[in-house]
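Visitor: Predicted model and sequence follow; I will ask about them next.
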Amino acid sequence: MQTSAPLLTVSDLTIGTRARTLVEPLSFSIGAGERVGLIGESGSGKSLTSSAVMGLLAPELSAAGSVELAGEDGNLLDLDERALARLRGRRMGMVFQEPMSALNPLMRVGAQVAEVMTLHGTARGAAAMSRAVDLLDQVRLPDPAQAARAYPHQLSGGQRQRVMLAMALANSPDLLVADEPTTALDVTVQAAVLDLIDEQIAARGTGLLFITHDLAVVARVCERVLVMHSGRVVEQGTVEQIFTDPQHAYTRGLLAASDLSATDARGRLFTIRTASEYGGPLAQQERPTGQAAPGSQDPGEDRDRLARHGEDPAAADEPAPGDGSAMRDRSVPGDESVPEDGLAPEDGPPTGGPPTGDLPTGDLPTGDRSAEEEAPVPADEAASGTGPRPLIEVRGLTKTYVRRAGLLRRQEVLALRGIDVSVRPGGRLGVVGESGSGKTTLLSILAGLLPATAGTVRVGDVEVDPRDTAGLSAMRRDLQVVFQDPFASLDPRMTTREIVTEPLRSQGVGHAERAARAAEVIEAVGLDAEALGRYPHQFSGGQRQRISIARALVCRPRILVADEPVSALDVSVRAQVLNLLSDLVDEYGLTLVFVSHDLGVVRHLCDEVVVMRAGEVVEAGPVDAVYDRPQEEYTRALVAATPTLAGALARS
Amino acid sequence: GSGSTGTAAGEGRTDIVVAHTAEPTNLDFTTTSGAAIPQALMENVYESLVRIDQNGEVQPALADSWELSDDRLTYTFALDPDATFSNGDPVTAEDVKFSYERVVSDEWTNALGAKMDIIDSIETPDEHTVAITLERPSNSWLFELASLVGAVFSPDGVDDLANTAVGSGPYEVESFTRGQELVFAKRDDYAGSNPGDLETVTFRYFADAVAAANALKSGQVDVIGNLQAPELTEEFEADDATQVIEGTTNGEVVLSMNNAEGLFSDQRVREAVLHGIDEQAVLDTAWGGKGTLIGGMVPPTDPYYEDLTDVWPTDVEKARELIDEAGAEGESFTFTVPSLPYAQASAEIVAAQLKEIGLNAQIETQEFPAVWIEQTMTEKSYDMSVVNHAEARDILTVFGEGYYTGYDSSRIEDTALAADEGTEEEYTEGMKDVARTITEDAAAGFLFLFPNLIVADAGVTGLPENMVSDAFAIAQLGWSEG
Amino acid sequence: MAALLNRLLQFLLTVWAATVVVFALMQVLPGNAAQVAAGLHATPEDVARIEAEFGLDRPLPVQYLDWVAGMLRGDFGVSYVTHAPITPLIADSIQVTLILVVTSMAVALLLAVPLGSIAALLRGKPLGALLSGLSQVGVAVPNFLAAILLVMLFSLGLGWFPSSGWQAPIEGMGGFLSHLVLPVFALALVQAAILTRYVRSAVLEVLREDFLRTARAKGRTAWSALLTHGLRNAAIPVVTVAGVQLATLLVGAVVVEQVFVLPGIGSELIRAVQNRDLLTVQAIVMVLVVMVLVLNLLIDLLYSVLDPRVRSGA
Amino acid sequence: MSGGRTVRKADLTLVTGGVLVGIVVLLALVSFVWTPYDYAAPQPQDRLEGMSAAHLFGTDRYGRDTLTWIMMGARITLLVGLVAVAIALVVGVPLGVLAGMTRVRWLSGFIMRGSDLLLAFPALLLAIVFSAVFGPGTGPAMCALGIAAIPAFARVARSGTMQIMSREFVAAARTANRSTWAIALTHVLPNIGGLVVVQASVAFALSVLAEAGLSFLGLGTQPPTPSWGRMLQESQQFLGTAPELAIFPGVFIAVAVLGFNLLGDGLRDRLDPTLRGRE
Ligand SMILES: Nc1ncnc2c1ncn2[C@@H]1O[C@H](COP(=O)(O)OP(=O)(O)OP(=O)(O)O)[C@@H](O)[C@H]1O
Ligand SMILES: Nc1ncnc2c1ncn2[C@@H]1O[C@H](COP(=O)(O)OP(=O)(O)OP(=O)(O)O)[C@@H](O)[C@H]1O
Ligand SMILES: [Mg+2]
Ligand SMILES: [Mg+2]
């Protein structure tokens, strides 16, 4: 695809503070009209690279090397702010991730778009304004004239992102840099924005540098990919090369962990650690799972560890030739049991054994629940309604939020509009839907955290009512919640022990008993007993989510309710936590209600799904049925908009 | 000060600005007590039939002359026939009668009005003659008449006394900005004996003495009526552009002790206090040594003055003995101090001296006037206090019956009455006796006589050496020539 | 519109509550007004007569309603002590204070906005550190100390300005201004120090905003991005603080008013308190409280002018 | 790296603030066991001596040692700050927490409107009115300052509480069946502690300034109790002859205020890394 003279040539670009190098020398080029993706996990240096290209590095950072733009003399890094300013917005446009904060909240959108043109003298006054409206029309803002007069906060996220795009493209730049332009958006909106970027740059012949951590997205948009890890480009090539035949262990890990449809021999998701078994999104179907050579290193953890010791992380990242024995040695359980923080490995050993074989079960009893209740009920039985009484039953649930905007004004938000949901004992129900569809509201009512406006919720034998304290406390022995944000859901001022035992305290469980149970449950989620003495900030995101799962499990509930427990996590950590959840659900015979906006996650974890939109249940049924044969237009759109690696690669 | 305008600026000036500390809340002294209103208005706007001169002598004012009947009961005043009020009306005998009858009526609420209770009748034989008959002969009455109770009002001018002053004096009030300034304009139609020199005189009020001093230094005022920051006098004395006048006032800084109740009802304790206090040290530290030690309730400008400073010489040993005798060793008492600079300053040093003789003064500052007047003066719930009794010839008030000093006034009543009714000689002697009795009874401590500390631009003339009356007369003020 | 009405209603309710609080507060004031008015040697009958004259013997609710009704007519009554109507007194003195305080605030902002911005932009550089150090020290200086020092230097020392007093603008602009300079600076310097710190942090905050980066990505230099996009955003927190400071200064200026012998409302309040001029105290406190409330209202409204997000009630 | 540097800068602020406050606290503490002279014993023969070996900071017009008075004044300064902050803290924080936690709308509305109303009474206004009601003095002054600071504390506590209450760990505690009380004590209070401490040091600085101003007006600490503000006020007439009488109280007021402000800034940076760099 690459044409003669490259549009952008980056050679030996190094970025660092005075004391530390953040981006190792890296080189790449982008041809005119070429679409290049930059992927890598959080903190790998993607944004720094793009900022350096644009000349927008923070003042405390400095860049060395050279960045050359066809048609400009010399190295962009040597230009002063004034000269760079002349290039930015005219020859190089940029779209940032956060659509709300990237627009000036005090300025009308049209004026912000027009500014790009007046600044560079490409249009003036009224002409600039009408051109701005044109541009807004081109990025398909409904009623562009009206939109031009709006302030950013009056537009939705997707609309704001379109405005950003209009701004970046206003002067038909030769190069468009997009730094995670869709991470904040809903899948359907994301799909629309990606289409738009595609279309607009194709029309203008603009070169694209596209940054994301979502492999599926990059596969969909780009022709070529650079994989960054820990401040260096570990691999680059065409999308097909990289995604079908990744050379570097890290790339493989990323690929494996982000593929929710692939599982290892135990039916567990691949993590970066187990990635070597993974055959890639296209190969996966043919390749029998669990056959790949076990035991690859986890570069992510190595990097962390090395960085902490101030060593050169490069050493650990060098792909070992042929996965040599040295590496295999490192993955021996005894050796791995003391990774980063001296905690137990985040996953069980990847090889062999029955699915739950090496999960420490301790003597966790399953209580006096009948075996019958625990036994998973076939999906079709529940669906046909002939099975046992549902464990959770939601009938005609309505929730209206009243916002009081002062003494006179009341604003009503209909968050739930009379929905019915039921979960059979042992069922795994996924709840999906776009942002604001009422998922969290449903969950909060279910957990007795919010009063319902109308309708009933029954959990086991308890009619849930936040005012009925006795009923609630009975119910909460059975039902526990895992929350979305691993940072926000743990009190930063409590030790893990205090956090984990909190549900026991309110039940009046004695000191000794509490200690015993804490030790038990912390082991069950794969953490060391030593972790109990530490504070949340001393853990990684994945470990924190384990702690909150431990808290939910400590009083041995029958039902686990989870509100987007993995949406804040990195792909590889996400895989670990999802695996842990699967294991525990199996182990404890839990009934699961799992909320997510990520259809893939739900498909992986659940057997039934409820699709919500604007407070209503659009569609419900067994996962496969709903995903593969959606009945409703909305569900279809949702499924179609969800990018998958396989899909994207198949398309390209 | 260095920034002052100097004498030269005074040449040809027909106005003057005088800084004062205590500001009038309104212009009506018939219903409002306090020294500020008479200070501004008496002799300047309002006149009495008589006035007091610098030597403490009674002089004619609205009355050209007067005669006292042989029974010493009836005063016949001949009014100045040309005198007019500032509203143009002539001053008549009827007006005098109206004014003085008003003093004893309900219209007057200023308690000083009681001084006119002694009047038996007022006759107006003709338009310019007033005959006032007293119930009993009184040596002090004529003197009292020179104070605000003698002010003559126009019957047409008493509707809004608080805001408009209609008087017969050489000046009229041009404007009154409450809390800031009072501007006097010279009356062109004034035909009396004390016409003013200056066209405009402004009294500007500074609650803070330092601000007043600064204003003088930077040339915004020409005179400071009574400098309340005595430490600054040295600076002004050293400066050729300013003059400092140090005289006396009628203000005795009295260390009052509650004779009627509590610790100080025991005369021995009071005597111990008087022995214990070193008045000179008090004066030096509290008021920069400005002021006069008097030892009694009578200023040197009064005819019956006598130096009583040696009655209670400073003698700590003696004081301790007395305390011992009274069994008051280590006693604590409340020293209620009005929130006034001289009082607070004196109290600190007095308290320290009393500690030496074994008395424990707990200083409690009371806002002046509101709280001090109510709690210490009116309710008399106090042990010791200190205040400047600034009114002229107030010895009989301060140690009179029912006053907050709690002094057993029966000990002086007869002498005082006899003196008042007697001849002038007898009056002087009798009052001396009264004053000495009070001092000897250790009725109160007399810390010092408040100084008349005037600081002015060097070119200002006619400044009063001593403050013998309640008024700050402005008619004499002027600028030196050349 | 509804938001505006709503805010106004809230304002009126608060004002009403304030009248009750102020009235109640005044009832506990010791030092009987009639007693003070009657003077040193007054008899109980005198006091009773004065009480009757001023209507102090009526039931409290009647007194309250009478007072509120008067205020609604713009009539605060006649002082027991000065025997003069209170309304003109307040009108005159509030005028002095407002001129003083508003000018000071304007001067303070004129100083603080550039200094604070420079301090933010030069963070970590010597000049930036010097500016923020100076502002820290400036905040710690009591304004009466600043006032005394200014008098010593510019009035007594250099003789440039009068040391005290007030001259209304109609009596001559020259005199008015020369009397105004020192008090204004005494207040403004300390305020400028306070505001400089807020401007600095607001600018620092804004410098981190993504939209400034967007503006640069559009082709603005860092400086022009700050001027065109940044300052208005930084203004929002600064306006709040300036508003709060202005409200505090209405009374806080009293110390400076005293040093410069200015007939401001704070000085009138202290005078009224000293004279136990109950009605005047009540009136002044009420006026000040209402002014603070009005100021808060204005800030809210200004906010919605500055910030479209607030305007649409989002 | 910039993080590291800011931390060090924050620590510098914290340390400077701590040292300045420490000086004041030390002066006050030492004054309980030792002062160079008796503060209440005037020595007329030593009046206005100027700075000397015997009187490091000079003597006032009563011949009292200025250093002694500065030491005694530190007590009042700290007392006023402590009491004012304590009042604001003890009343404001629980109210704020209550307003932030309660689901009874009228209650939180009532509390916040009440605090708005109180906000309309600036500290100095309240202090003047209090000095009228109770007579001028340290007590009424510090009470007034404390009461006037309540709304600020209530606001900080309320917004902090609401922030904490919206955090998932509170929802987690509720699903763990913790009572509202337990949540308030174990989750809310410890987590808003930092905010409150910062607010407290700012309020402390403000109280010190306000008390000095009130004493200057004669509405604060009354004689014979030593107070820096009154020392400054009384020193005015000696500015020409004995400027040290004004310099020392002035400097110490500034030291105390600066100390508490810096302490607040430093603590804020220390406790809330997201606010780092703000002032
Ligand atoms: N101004 C800065 N000063 C010091 N370090 C910085 C600065 N900006 C970024 N870094 C560090 O540089 C590294 C790379 O950051 P960068 O923002 O490029 O990551 P990224 O790949 O874009 O991650 P994400 O996906 O989370 O946006 C990170 O470790 C980050 O902490
Ligand atoms: N406390 C609240 N007050 C008023 N409206 C609310 C409140 N909480 C939620 N809403 C509104 O209710 C609707 C449903 O919200 P909910 O949080 O249940 O959505 P969600 O599906 O969980 O969205 P997301 O995926 O973004 O978490 C939204 O429109 C939201 O704005
Ligand atoms: Mg990034
Ligand atoms: Mg949600």
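Guide: All right, it came through fine. Ligands and ions are numbered 1, 2, ... in the order given.

Visitor: Every contact and neighbour count from this point should use C-alpha atoms.
Guide: Fine.

Visitor: how about the helices of the stretch 151-300 of chain C, start to end?
Guide: Here the stretch 151-300 of chain C has its helices, by DSSP state H, counting those that start in this stretch, at C:173-207, C:210-218, C:222-225, C:231-252, C:254-259, C:265-274, C:278-306.

Visitor: okay, the shortest one in PDB with CA atoms only?
Guide: Pointing back at helix C:222-225 there. Written as PDB, here are the backbone C-alpha positions of helix C:222-225 (Å, rounded to 0.1, in the frame of the first residue of the first chain):
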ATOM      1  CA  ALA C 222       0.600  28.000  23.700                       C
ATOM      2  CA  TRP C 223       0.300  31.700  24.700                       C
ATOM      3  CA  SER C 224      -2.500  32.500  22.300                       C
ATOM      4  CA  ALA C 225      -4.300  29.400  23.400                       C
END
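
Visitor: Would you point out which residue is most central in chain A?
Guide: residue A:567 (4.5 Å; Cα atoms, centre = their mean).

Visitor: Pull up the gap between that one and residue B:283, please.
Guide: Distance, residue A:567 to residue B:283, by Cα to Cα, to the nearest Å: 83 Å.

Visitor: ditto for residue A:606
Guide: 96 Å.

Visitor: pLDDT below threshold where in the stretch 1-150 of chain B?
Guide: Residue ranges of the stretch 1-150 of chain B with pLDDT under 70: B:1-11.

Visitor: ok, which stretches of it are strands?
Guide: Ranges of strands in the stretch 1-150 of chain B, per DSSP state E, counting those that start in this stretch, are B:15-20, B:50-52, B:58-60, B:63-68, B:74-79, B:119-126, B:129-134.

Visitor: Adjacent strands (with direction) for the fourth one?
Guide: For strand B:63-68, sheet partners with direction are given as strand B:74-79 (antiparallel), following DSSP bridges.

Visitor: Got the domain ranges for chain C?
Guide: C:2-85, C:87-312 (automatic domain parsing).

Visitor: need the contact list for the residue of the stretch 101-250 of chain C found nearest ligand 1.
Guide: For the stretch 101-250 of chain C, the residue closest to ligand 1 is residue C:208, as judged by Cα to the nearest ligand atom, at 10.4 Å. Residue C:208 is in contact with no residue at all, counting by Cα atoms under 8 Å, 6 or more residues apart in numbering or on different chains.

Visitor: Looking at the helices of the stretch 151-300 of chain C, which is nearest to residue D:82?
Guide: Between residue D:82 and the helices of the stretch 151-300 of chain C, the tightest spacing by Cα to Cα is seen for helix C:231-252, at 21.5 Å.

Visitor: pLDDT wise, what is the residue of the stretch 101-250 of chain C closest to ligand 1 at?
Guide: We have a pLDDT of 80 for residue C:208.

Visitor: circling back to that earlier point, using CSV, lay out the strands of the stretch 1-150 of chain B together with mean neighbour count and distance to residue B:31.
Guide: Formatted as CSV, these follow (neighbours: other Cα atoms under 10 Å in any protein chain shown; distance: least, Cα to Cα, whole Å):
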stretch, mean neighbour count, distance to residue B:31
strand B:15-20, 24, 22
strand B:50-52, 24, 22
strand B:58-60, 18, 26
strand B:63-68, 16, 25
strand B:74-79, 22, 26
strand B:119-126, 16, 20
strand B:129-134, 21, 24
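
Visitor: Turn those into JSON lines, including distance to residue D:97.
Guide: Converted to JSON lines, the strands of the stretch 1-150 of chain B look like this (distance: least, Cα to Cα, whole Å):
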{"stretch": "strand B:15-20", "distance to residue D:97": "54"}
{"stretch": "strand B:50-52", "distance to residue D:97": "71"}
{"stretch": "strand B:58-60", "distance to residue D:97": "75"}
{"stretch": "strand B:63-68", "distance to residue D:97": "78"}
{"stretch": "strand B:74-79", "distance to residue D:97": "80"}
{"stretch": "strand B:119-126", "distance to residue D:97": "73"}
{"stretch": "strand B:129-134", "distance to residue D:97": "76"}
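
Visitor: which one of the ones you listed lies closest to residue D:81?
Guide: Closest among the strands of the stretch 1-150 of chain B, using Cα to Cα: strand B:15-20, at 36.8 Å.

Visitor: by contact count, what packs against the closest one?
Guide: strand B:200-205, strand B:223-224 (3 or more Cα pairs under 8 Å, 6 or more residues apart in numbering or on different chains; DSSP states H and E).

Visitor: Which helix or strand lies directly C-terminal to the shortest one?
Guide: For strand B:223-224, the following helix or strand on the C-terminal side (DSSP states H and E) is helix B:233-237.

Visitor: Contacts for that next one next, please.
Guide: Outside helix B:233-237, the residues that reach it (Cα under 8 Å, 6+ apart) are B:1, B:242, B:243, B:244, B:455.

Visitor: what's the closest of these to chain A?
Guide: residue B:1 (56.2 Å; Cα to the nearest Cα).

Visitor: Which strand residues bridge the closest residue in space to residue B:129 that isn't next to it in sequence?
Guide: Excluding the flanking residues, the one nearest residue B:129 by Cα to Cα, 6 or more residues apart in numbering or on different chains is residue B:78, at 4.8 Å. For residue B:78, the beta-bridge partners are residue B:65, residue B:129 (DSSP bridges).

Visitor: so who does residue B:78 touch?
Guide: For residue B:78, counting by Cα under 8 Å, 6+ apart, the contacting residues are B:63, B:64, B:65, B:66, B:128, B:129, B:130.

Visitor: what's the distance between it and chain A?
Guide: Distance, residue B:78 to chain A, by Cα to the nearest Cα, to the nearest Å: 78 Å.

Visitor: Quick one: low-confidence residue ranges for chain A.
Guide: Flagging of chain A using pLDDT under 70 yields the residue ranges A:1-4, A:99, A:184, A:265, A:272-273, A:275-388, A:403-410, A:648, A:650-652.

Visitor: Quick check: residues of it near ligand 2?
Guide: Chain A comes close to ligand 2 at residues A:401, A:403, A:413, A:415, A:434, A:435, A:436, A:437, A:438, A:439, A:440, A:441, as judged by Cα under 6 Å from any ligand atom.

Visitor: which of the residues you listed sit farthest apart?
Guide: Farthest pair in these (Cα to Cα) is A:403 and A:434. Separation: 21.7 Å.

Visitor: More neighbours: which of the two?
Guide: Between residue A:403 and residue A:434, counted using other Cα atoms under 10 Å in any protein chain shown, the more crowded position is residue A:434 (20 against 11).

Visitor: Just give me the closest of the contacts of residue B:78 to ligand 2.
Guide: residue B:63 (88.1 Å).

Visitor: Give me every residue in chain A lying close to ligand 1.
Guide: A:22, A:41, A:42, A:43, A:44, A:45, A:46, A:47, A:48, A:58, A:61.

Visitor: give me the residue from the stretch 1-150 of chain B nearest ligand 2.
Guide: Counting by Cα to the nearest ligand atom, the stretch 1-150 of chain B gets nearest to ligand 2 through residue B:25 (58.7 Å).

Visitor: Kindly list the longest helix within chain D.
Guide: Using DSSP state H, we find that the single longest helix of chain D is helix D:2-33.

Visitor: Kindly provide the whole-number mean pLDDT of the helix or strand following that one.
Guide: Downstream of helix D:2-33, the next assigned helix or strand under DSSP H and E is helix D:66-87. Averaging pLDDT along helix D:66-87 yields 88.

Visitor: was I right about residue B:217 contacting residue C:156?
Guide: Yes. Using Cα atoms under 8 Å, residue B:217 is in contact with residue C:156, at 6.7 Å.

Visitor: who has more neighbours, these two?
Guide: The neighbour comparison of residue B:217 against residue C:156 (other Cα under 10 Å) goes to residue B:217, with 29 against 24.

Visitor: The residue of the stretch 451-600 of chain A found nearest ligand 1: what's it in contact with?
Guide: Using Cα to the nearest ligand atom, the single residue of the stretch 451-600 of chain A nearest to ligand 1 is residue A:570, 9.4 Å away. Residue A:570 sits next to A:41, A:42 when contact means Cα under 8 Å, 6+ apart.

Visitor: Quick check: the gap between it and residue A:43.
Guide: Residue A:570 is 11 Å from residue A:43, by Cα to Cα.
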